[in-house]
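# sequence unavailable; structure follows:
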């Protein structure tokens, strides 16, 4: 897990550095005529391009309990986690954006890079469930001809996580001389950091 996370972060960093490289012949879209601006704005703005896939990290303030047992009459949590790292799907719609265009001869312009900020909605794909949880948040986007990247932070609603039943408390004596720990499923909230990759123009 640690090695795959390090490789993923290095890949994201290299992609981000490449995305920030601005061609010398790139100019702001607003410098062109109104008709040309409208023509280029529609280029590569297909509906499906608002969807992407990427890496998600969810932080749960209250830990999720995976395993627990009773040792010498005391409840002991043996496996729990606060972080969930996985792959998710996002839908992003920019509120504010700045577009740039490129031309090699000064007359034939094509869409270059686009920087934007806007809301996103996401879902984490789990190995046991089709959709494990949902999220909404705010993201920064940088798109180029070869592709784009989203970086965002959001709020997560998880409809079902495992916790200790109310009568069982980690580190406390087991109630009613119980020999096995009981669990409950409940909804919870989390904070999300997201890096996603989008199609180019």
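Cool, the structure landed. These numbers were taken from a predicted model, which means no experiment stands behind them.

# which residues in the chain form strands?
26-28, 51-71, 74-92, 96-102, 110-124, 133-144, 147-164, 183-198 (DSSP state E).

# can you state the direction angle for the fifth one and strand 74-92?
The reference is to strand 110-124. Interaxial angle of strand 110-124 relative to strand 74-92 (axes from the mean of the first three to the mean of the last three C-alpha atoms, to 10 degrees): 150 degrees.

# reformat the strands of the chain as TSV; add mean neighbour count and mean pLDDT.
Every C-beta, even on glycine, is put in place using the N, C-alpha and C of the backbone. Compiled in TSV, these are given as follows (neighbours: other C-beta atoms under 10 Å; pLDDT from 0 to 100):
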stretch	mean neighbour count	mean pLDDT
strand 26-28	13	65
strand 51-71	16	91
strand 74-92	16	90
strand 96-102	16	69
strand 110-124	19	82
strand 133-144	20	88
strand 147-164	18	90
strand 183-198	17	91
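
# out of the ones you listed, nearest to residue 175?
Closest of the strands of the chain to residue 175 is strand 74-92, at 8.8 Å (criterion: C-beta to C-beta).

# could you tell me which other helices and strands that closest one packs against?
Judged by 3 or more C-beta pairs under 8 Å, 6 or more residues apart in numbering; DSSP states H and E, strand 74-92 is in contact with strand 51-71, strand 110-124, strand 133-144, strand 147-164, strand 183-198.

# of all those, which lies closest to residue 79?
Here strand 51-71 is closest among those (C-beta to C-beta), at 3.9 Å.

# so who does the closest residue in space to residue 62 that isn't next to it in sequence touch?
Leaving out its chain neighbours, the residue that sits closest to residue 62 by C-beta to C-beta, 6 or more residues apart in numbering is residue 188, at 6.4 Å. By C-beta atoms under 8 Å, 6 or more residues apart in numbering, the residues touching residue 188 are 60, 62, 64, 158, 161.

# with that, I have no additional questions.
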